[in-house]
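*Asks:* here is a sequence with its predicted model. Questions after.
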Amino acid sequence: MEEFIQEIALEKPKTLEELNRKFRIWVDEGYNNSPHSGLNGDTPMHARKINKLCTACLLHAAQVQKKIIDDHMVRLIIEEEFNW
């Protein structure tokens, strides 16, 4: 957000619509494609794509009544992703 505020300070928008347009561009081009420490260095855009893919896989498995994740996989993910 700090970067956006600095950018706006250089070229002050004259209308609310212009401010909103610049903010959407900053979110799409900057924030969403920048690595984030809270995502272990991943970008929000990539994290959303992975989430969407995983959700689609799980929904498909549920529809065809197939188990794609076992207890071992759940434990592994919890240990690796959440450091438990």
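*Replies:* That came through, no problem.

*Asks:* in the protein, which residue is most central in space?
*Replies:* Centroid-nearest residue in the chain: residue 44, 2.5 Å away (criterion: Cα atoms, centre = their mean).

*Asks:* hmm, residue 30 and that one touching each other?
*Replies:* No. Applying Cβ atoms under 8 Å, one finds residue 44 not in contact with residue 30, separated by 10.6 Å. C-beta coordinates here come from the backbone N, C-alpha and C atoms, glycine included.

*Asks:* so how far is residue 28 from the residue lying farthest from the centre of the chain?
*Replies:* Within the chain, residue 14 marks the point farthest from the mean C-alpha position, 30.6 Å out by Cα atoms, centre = their mean. Residue 14 sits 21 Å away from residue 28, taking Cβ to Cβ, to the nearest Å as the criterion.

*Asks:* could you report the neighbour count for residue 36?
*Replies:* Per other Cβ atoms under 10 Å, the neighbour tally for residue 36 reads 13.

*Asks:* I should have written residue 35 there, sorry.
*Replies:* With other Cβ under 10 Å as criterion, residue 35 counts 11.

*Asks:* got it, and residue 27?
*Replies:* For residue 27, using other Cβ under 10 Å, the count is 14.

*Asks:* so what touches the helix or strand where residue 49 lies?
*Replies:* Using DSSP states H and E, residue 49 maps to helix 44-63. Around helix 44-63, the neighbours that count as contacts under Cβ atoms under 8 Å, 6 or more residues apart in numbering are 31-33, 36, 39, 67-69.

*Asks:* and that helix, what's buried?
*Replies:* The neighbour-count check on helix 44-63 (16 or more other Cβ atoms under 10 Å) flags residue 44 as buried.
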